[in-house]
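Colleague: Below are the sequence and a predicted model for it; my questions follow.
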Amino acid sequence: MRENLKRWLYQAMGFQNELARNQRIEPISKATKPNKTEPNAAGDPKDSKPDLSLCADVKYISWLKEHPSALSSFQEMISAAKGKCIVVFLDYDGTLSPIVNDPDSAFMSDLMRSAVRQVARLYPTAIISGRSRQKVYGFVKLDEVFYAGSHGMDIMGPTIQASSYDGKYQSKSLDKKGNELTVFQPAQDFLPSIEKMLNELEETTSEINGALVEDNRFCISVHYRHVLQEDFGLLEKKVQAVVAKYPGFHLTRGKKVIEIRPSIKWNKGDALLYLLETLGFANSSDVLPIYIGDDRTDEDAFKVLNCRGQGYPIIVSSNPRDTLASYSLRDPSEVLSFLIRLARWGDLSSV
Ligand SMILES: O=P(O)(O)OC[C@H]1O[C@H](O[C@H]2O[C@H](CO)[C@@H](O)[C@H](O)[C@H]2O)[C@H](O)[C@@H](O)[C@@H]1O
């Protein structure tokens, strides 16, 4: 009955997204409409409880109206891309790899890797992550893409130095294949403090079961996914106490993680702008940036796209969320489908 009701809702709201497509859609007249007095499984109408997952579906469906699926809207999105240079920006955790319990096991699938590779061969592509650049590279293992780690504070981008940015923080480097690239690290001055803080945090949080400190080079993550709820307050206090000793740092929140970041005016949105400039698209009206991300920190990049009035900010979420994104994808598997379609479209249009 629940499936029929869900199907009916999708049809009533005129949706044609993947969720709906995965199911056989019957004409509305055939679909079962909600029936308040229909007995529950036990056969007793009085015992029937509200189906909470159905309420969640209804909320998600209405949120989809504001943030349509980038898969259902693909044709419309891509027809606006004709004649424009697409540039693709991808977040890592929760976007290219599913959220898992152990941060060191957030592997991306071979299928995803191959889709990203196809996309990167057609369009400039960058991965912008909260992780350290080296760690993201370790997961992605592609030399075709640019990497921005530490929430964009460690960028390995095109050879061109960006003239609007401080040369002090830009240097030349070679990628694994020996190609010359430019590294931009605007939070370099904070490294000595970060190293000290890292040791202190590891020591002080070791008393709390399940707490995990991750070195993200220009920022630090303190994970609490495995910390008991009653211990969270203590962990938070301990982290705050350490950070208070170091001026020039602040805390942000992610998915079961507290992040410690240098307080410079730099975020994923700035990294996106930096990469656009080094790719030669600083003031271009011919560029169409696509940014796909699932986290709060990705909102900074969505904001930049909105301010430029260019491109497509796409949020990865299976729950209704406050977001500046215009489009949505439910999860990394939908991200994979989107990237495959994008690569196919690029292949066909280059013939
Ligand atoms: O910008 P991102 O690439 O999305 O990185 C944000 C944080 O991602 C990682 O943590 C999250 O994913 C883990 C693996 O799925 C999960 O266990 C954790 O609970 C999530 O918060 C990464 O470990 C962090 O350092 C990043 O800041």
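Modeller: That came through fine. Numbers count the residues shown, from 1 in each chain.
Colleague: separation between Y123 and the ligand?
Modeller: 20 Å (C-beta to the nearest ligand atom, to the nearest Å). Backbone N, C-alpha and C define where each C-beta goes, glycine included.
Colleague: need the contact list for that residue.
Modeller: C85, I86, V87, V88, L342, G346 (C-beta atoms under 8 Å, 6 or more residues apart in numbering).
Colleague: What residue spans form the domains of the protein?
Modeller: Domain segmentation of the chain under automatic domain parsing yields 85-185+266-349, 189-262.
Colleague: hmm, which two among the contacts of Y123 are most spread apart?
Modeller: Pairwise distances across these (C-beta to C-beta) peak at 13.5 Å, for the pair C85 and L342.
Colleague: and these two? which has more neighbours close in?
Modeller: Shown here are C85 and L342; by other C-beta atoms under 10 Å, L342 has more neighbours (23 against 15).
Colleague: I figured L181 hits P158, correct?
Modeller: Yes: counting by C-beta atoms under 8 Å, L181 touches P158, with 6.9 Å between them.
Colleague: and for the two, which residues touch both?
Modeller: Common contacts of L181 and P158, defined by C-beta under 8 Å, 6+ apart, comprise F146.
Colleague: Could you say which of the domains of the chain is packed most deeply?
Modeller: domain 85-185+266-349 (a mean of 19; mean count of other C-beta atoms under 10 Å).
Colleague: Contacts only, for the residue of the stretch 1-150 of the chain found nearest the ligand.
Modeller: Nearest to the ligand, among the residues of the stretch 1-150 of the chain, is G130, at 2.9 Å (C-beta to the nearest ligand atom). Contacts for G130 (C-beta under 8 Å, 6+ apart) come out as D93, G149, S150, H151, N216, C219, S221, G254, E259, D295, T297.
Colleague: Kindly reformat the contacts of Y123 as JSON lines and extend each row with pLDDT, distance to the ligand and secondary structure.
Modeller: As requested, the contacts of Y123 are exported to JSON lines (pLDDT from 0 to 100; distance: C-beta to the nearest ligand atom, whole Å; DSSP: H, G, I helix; E, B strand; the rest coil):
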{"residue": "C85", "pLDDT": "96", "distance to the ligand": "25", "secondary structure": "strand"}
{"residue": "I86", "pLDDT": "97", "distance to the ligand": "21", "secondary structure": "strand"}
{"residue": "V87", "pLDDT": "98", "distance to the ligand": "18", "secondary structure": "strand"}
{"residue": "V88", "pLDDT": "98", "distance to the ligand": "15", "secondary structure": "strand"}
{"residue": "L342", "pLDDT": "97", "distance to the ligand": "20", "secondary structure": "helix"}
{"residue": "G346", "pLDDT": "90", "distance to the ligand": "24", "secondary structure": "helix"}
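Colleague: Up against the ligand, what does the stretch 251-351 of the chain have?
Modeller: G254, K255, K256, V257, E259, D295, T297 (C-beta under 6 Å from any ligand atom).
Colleague: Tell me which of those fall in strands.
Modeller: Within these, residues falling in strands by DSSP state E are G254, V257, E259.
Colleague: For the last one, give me its contacts.
Modeller: To tie it back to what came earlier, the one meant is E259. By C-beta under 8 Å, 6+ apart, the neighbours of E259 are G130, H151, N216, C219, I220, S221, V222, L251, T252, R253.
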